[in-house]
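> heads up, no residue letters with this:
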Ligand SMILES: Nc1ncnc2c1ncn2[C@@H]1O[C@H](COP(=O)(O)OP(=O)(O)OP(=O)(O)O)[C@@H](O)[C@H]1O
């Protein structure tokens with residue numbers, strides 16, 4: 001989340017007005033409040049805001065996290081002079097939605113206590129991050145950091161002092177532990193201890209959170225018991241034991257031999273059970289890892305591109321470490337003199353936060369057993385926490401352009417000391433140049449040191465490594481990867497020719513892969529690996545479509561999910577409005593879905609992903625933020641509810657299934673308005689035919705009934721919640737500034753209103769009852785026999801409904817006890833997932849050329865009819881005119 005911070009240096013007298021002005025912005029939004037503290041008026045402000053926030057939290061209307069911070073440090077400017085309380089409201093999108101500044105003079109201990117009470121009621125973003133995502137937070141090491149504007153308030157200092165106290169209590173035990181074998185210098189060991197300290201600190205401070213902490217500890221213990229603990233560098237024996245325990249036969253992995261990877265990396269590969277390198281890995285690792293070349297890599301979705309650039313990075317870092325160690329042994333000098341550690345060596349940029357986290361986790365997994373640290377830096381998470389992660393000086397940083405540039409431009413030393421950067425990677429590179437979305441990327445590229453200089457082999461004369469005598473770093477390598485690089489016809493030709501020279505760009509924009517690569521320092525002799533086939537999509541992907549009217553898309557989606565809802569399914573919408581509409585309808589229809597879109601708070605985004613990952617038959621309704629790169633095993637089906645804007649997005653969306661040599665199915669819902677767009681889309685990847693998804697039409701009347709009820713319910717519920725939110729907003733704000741609300745309604749109006757409300761609530765109840773009744777029985781084809789089931793198979797939903805029905809019936813039967821045999825028996829049937837249904841069905845194929853021809857014919861016919869109609873109309877008009885003139 002990008003924070004836009006401004007201060008309004010207005011006076012405390014405007015408190016009422018200003019709070020009133022802020023709250024409308026909160027409606028429905030998830031916001032973060034950053035509070036600057038330090039003065040007398042805090043007591044009043046703190047109480048006032050606390051009350052309002054609590055009310056709204058309890059009403060479930062807002063979800064606020066309070067991030068403390070000094071007025072001076074947070075805001076600078078006017079506030080620096082005047083101090084006071086500042087409330088910042090920032091939406092997930094980074095759009096500024098409200099602000100308030102109040103003034104006062106410092107009032108000492110009492111205010112501070114109040115403020116602390118105010119802040120302690122909430123779980124901060126940091127804690128939530130830690131609990132949920134196991135990020136390791138190293139302890140702050142001030143010495144390492146360049147002078148930056150301090151965010152410290154007095155109370156934070158006290159907080160830290162308290163932490164220190166507890167830390168000192170725990171240090172002894174940790175020291176003993178470290179001596180007992182845990183590598184004391186390991187970042188992770190440190191991080192672990194810091195987490196413990198944090199835990200203890202919080203225990204002392206927040207009894208409320210004990211429950212959460214317990215879960216956290218439990219989770220951690222579980223993780224540890226799974227054996228995911230990282231062994232210290234060089235200490236591979238634990239690893240080997242793991243592997244031997246799992247009886248890996250190294251001979252099975254012979255295909256990796258020619259890639260000459262470091263033994264520690266090979267151990268990770270054994271552990272991950274990757275028996276052979278994928279083609280893109282085979283093609284990229286030799287030039288990237290052993291010849292020091294830049295690489296442009298294009299291969300189908302799910303083909304292992306992350307390791308195609310990840311392994312060479314780790315390989316080179318390990319080789320350098322070994323060389324350094326040898327030099328240290330030879331010369332007997334301190335390792336820091338020979339080769340300073342703790343410099344940024346690889347910067348990997350991805351377009352989305354989820355992808356950055358995924359790539360980072362993937363690399364961490366492979367880097368287990370080495371000393372190399374990988375850290376994700378993404379928006380939507382606490383900046384402070386990420387700054388602390390960077391203080392650990394990780395060698396590899398994976399991030400999104402926005403947050404990276406925010407930290408870089410803020411002077412984050414680890415990110416701006418780039419003289420030792422050996423790898424610059426652009427994952428999903430073609431996304432980075434779309435619509436000038438990533439201006440920050442341009443800024444990042446601009447601060448990269450030049451690569452073409454003659455400094456190769458010479459000592460780097462920079463702040464941190466003036467003493468590097470014999471340490472020779474090779475020049476920086478640039479890697480550019482995506483599944484759809486070859487979709488640009490122009491670029492494909494260049495890939496084929498092996499020449500990347502771009503035409504002189506008219507402006508400074510990064511509007512083509514060529515300019516992007518050149519500006520990033522890509523060398524002319526880059527290895528170009530294009531393994532994409534003509535159709536670009538994954539080999540084992542079955543692409544299908546359903547033609548339907550726009551208003552019937554919900555019905556077909558419901559059909560797919562309820563009749564074939566087996567395995568994980570991702571449903572893609574192009575707009576957030578459509579996503580909200582679809583997911584809300586599905587929920588009313590009793591289908592549980594998770595949602596993911598860019599306007600969600602990051603925490604919620606990650607939670608949705610985690611839950612989707614954890615559910616065998618989960619359904620994720622997402623916008624295109626989830627289209628690229630996400631690697632979720634077991635996604636069997638992708639549904640394009642709305643057509644994507646480009647062929648690239650279609651390929652990436654579809655590529656969430658059929659990954660890593662598995663199969664999968666994509667279903668595109670095409671309305672008449674979509675056909676020409678769809679044909680154009682297919683044309684761009686030379687696709688001429690498409691299979692029609694088989695639909696058992698006899699289900700549709702029943703589905704239509706359910707949908708009609710669900711739509712009515714949805715509409716009413718939306719209207720109600722809107723009205724409620726408006727009313728409670730006015731009421732609460734009036735209360736917060738102690739205004740009495742007058743009731744202007746006459747008695748007659750009140751009676752009418754009451755009657756209307758009653759009628760409305762009765763109507764709602766009736767609709768719900770009717771829908772419940774329909775949902776309580778299995779979705780049946782029209783000609784469904786009540787006694788025997790035949791047809792398209794049983795989805796999990798159907799299975800569940802059958803079981804319910806059976807237990808009901810059998811229950812009734814037992815009650816009657818008349819000795820008759822039960823009439824309904826549920827026999828487990830195999831589910832038919834979309835891909836299977838497709839394979840079972842006949843090969844009905846849409847010839848895109850033919851259908852485009854047909855469409856043209858229909859359009860011509862329509863045009864001709866229209867012209868004919870117009871001609872006849874004009875003729876009649878003229879005739880009438882003439883007749884009129886004749887009679888006159
Ligand atoms: N050599 C291998 N053998 C088997 N599985 C592999 C191998 N390398 C990577 N994988 C697995 O393949 C899956 C896809 O990998 P990855 O996410 O890197 O694909 P990708 O090509 O980057 O996909 P996308 O284009 O969608 O981003 C991951 O689950 C990864 O663990």
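Perfect, I can see it now. Worth saying up front: this structure is predicted, and the values here are computed from it rather than measured.

> tell me where the model's unsure across the stretch 151-300 of the chain.
Residues of the stretch 151-300 of the chain meeting the criterion pLDDT under 70: 151-246.

> and the residue in it that the ligand sits nearest to, how far from residue 556?
When scored by CB to the nearest ligand atom, the stretch 151-300 of the chain has residue 274 as its residue closest to the ligand, at 3.5 Å. Every residue, glycine included, has its C-beta placed from N, CA and C. Noted for residue 274: a distance of 38 Å to residue 556, by CB to CB, to the nearest Å.

> who's more crowded, the two?
The residue with more neighbours, out of residue 274 and residue 556, is residue 556; 21 against 18, by other CB atoms under 10 Å.

> which SS state does that one fall under?
helix (DSSP: H, G, I helix; E, B strand; the rest coil).

> wait, it sits on residue 695?
Yes - taking contact to mean CB atoms under 8 Å, the distance of 7.2 Å between residue 556 and residue 695 places them in contact.

> which residues do those two both contact?
Residues touching both residue 556 and residue 695 (CB atoms under 8 Å, 6 or more residues apart in numbering): residue 546.

> longest helix in this protein, please.
helix 848-887 (DSSP state H).

> how about the contacts made by the residue of the stretch 451-600 of the chain found nearest the ligand?
Closest to the ligand within the stretch 451-600 of the chain is residue 483: 4.0 Å, counting by CB to the nearest ligand atom. Neighbour list for residue 483: 298, 299, 300, 301, 303, 305, 532, 536, 651, 652, 655 [criterion: CB under 8 Å, 6+ apart].

> and if you look at residue 481?
Residues near residue 481 by CB under 8 Å, 6+ apart: 295, 296, 297, 298, 305, 308, 309, 425, 426, 427, 428, 429.

> do the same with residue 589
Each residue near residue 589 by CB under 8 Å, 6+ apart is listed here: 558, 562, 706, 707, 710, 771, 775.

> what of residue 627?
Residue 627 touches 572, 644, 649, 652, 653, 656, counting by CB under 8 Å, 6+ apart.

> could you give the number of residues near the second one?
Here the count is done by other CB under 10 Å, and residue 644 has 22 residues near it.

> narrow the contacts of residue 481 to those in strands?
295, 296, 297, 298, 425, 426, 427 (DSSP state E).

> of those, which pair is most distant in space?
Between any two of those, the greatest separation by CB to CB is 14.4 Å, found for 298 and 425.

> in contact with residue 342, which residues?
Applying CB under 8 Å, 6+ apart, one finds that residue 342 lies in contact with residue 393.

> and stretch 251-269, how far apart are its ends?
13 Å (CA to CA, to the nearest Å).

> list the buried ones in that stretch?
For stretch 251-269, a neighbour-count test (16 or more other CB atoms under 10 Å) marks 253, 256, 259, 261, 262, 264, 265, 266, 267, 268, 269 as buried.

> what does stretch 302-322 give?
Buried residues in stretch 302-322 (16+ other CB under 10 Å): 302-318, 320-321.

> which helix or which strand is home to residue 605?
Under DSSP states H and E, the secondary-structure element containing residue 605 is helix 602-614.

> around the ligand, pick out the residues from this protein.
274, 277-278, 281, 301-307, 483, 629, 631, 655, 659-660 (CB under 6 Å from any ligand atom).

> which ones among those map onto helices?
Going by DSSP H, the helices hold 281, 305, 306, 307 from the residues of the chain next to the ligand.

> now residue 331: how far from residue 855?
Computed as CB to CB, the residue 331 to residue 855 distance reads 76 Å.

> residue 701 too?
Separation of residue 701 from residue 855 (CB to CB): 29 Å.

> neighbour count for the two, which is higher?
residue 855 (14 against 11).

> tell me if I'm right that that one and residue 674 touch.
No - if you go by CB under 8 Å, residue 855 and residue 674 don't touch, sitting 11.4 Å apart.

> check contacts around residue 428.
When the contact criterion is CB under 8 Å, 6+ apart, the partners of residue 428 are 350, 351, 355, 481, 482, 628, 629, 652.

> and the residues you listed, which of them are in strands?
Using DSSP E, the contacts of residue 428 in strands are 481, 482.

> now the contacts of residue 428: which count as buried?
By neighbour count, with 16+ other CB under 10 Å, those hold 350, 351, 355, 481, 482, 628, 629, 652 as buried.

> now the residues you listed in JSON lines, with distance to residue 377 and pLDDT?
Converted to JSON lines, the buried ones among the contacts of residue 428 look like this (distance: CB to CB, whole Å; pLDDT from 0 to 100):
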{"residue": "350", "distance to residue 377": "11", "pLDDT": "94"}
{"residue": "351", "distance to residue 377": "14", "pLDDT": "91"}
{"residue": "355", "distance to residue 377": "13", "pLDDT": "95"}
{"residue": "481", "distance to residue 377": "19", "pLDDT": "93"}
{"residue": "482", "distance to residue 377": "21", "pLDDT": "91"}
{"residue": "628", "distance to residue 377": "18", "pLDDT": "92"}
{"residue": "629", "distance to residue 377": "16", "pLDDT": "91"}
{"residue": "652", "distance to residue 377": "23", "pLDDT": "95"}
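
> of all these, which comes closest to residue 475?
Nearest to residue 475 among those is residue 481, at 19.5 Å by CB to CB.

> pLDDT score for residue 507?
Here, the pLDDT recorded for residue 507 equals 50.

> try the one 5 residues further on
In the prediction, the pLDDT value recorded for residue 512 is 73.

> kindly report the same for residue 802.
Residue 802 is assigned a pLDDT of 59 by the prediction.

> where do the helices of the stretch 601-750 of the chain begin and end?
602-614, 647-654, 675-683, 700-736, 747-775 (DSSP state H, counting those that start in this stretch).

> compare the ones in strands among the contacts of residue 481 and tell me which is most surrounded.
Going by other CB under 10 Å, residue 426 tops the ones in strands among the contacts of residue 481 with 30 neighbours.

> ok, for that residue, nearest residue in space, not its chain neighbours?
Computed as CB to CB, 6 or more residues apart in numbering, the closest residue to residue 426 that is not its neighbour in sequence is residue 480, at 4.9 Å.

> what's across from the one you found in the sheet?
Counting by DSSP bridges, residue 480 is bridged to residue 296, residue 426.

> and for it, the neighbour number?
Residue 480 has 27 neighbouring residues, counting by other CB under 10 Å.

> how about residue 763?
13.

> and the pLDDT at the closest residue to it other than its chain neighbours?
In space, residue 763 comes closest to residue 716 once its chain neighbours are excluded; the distance is 7.4 Å by CB to CB, 6+ apart. pLDDT recorded at residue 716 is 88.

> okay, residue 716 and residue 724: tell me how far apart.
12 Å.

> those two - which one has more neighbours?
Of the pair residue 716 and residue 724, residue 716 is the one with more neighbours under other CB under 10 Å, namely 16 against 12.
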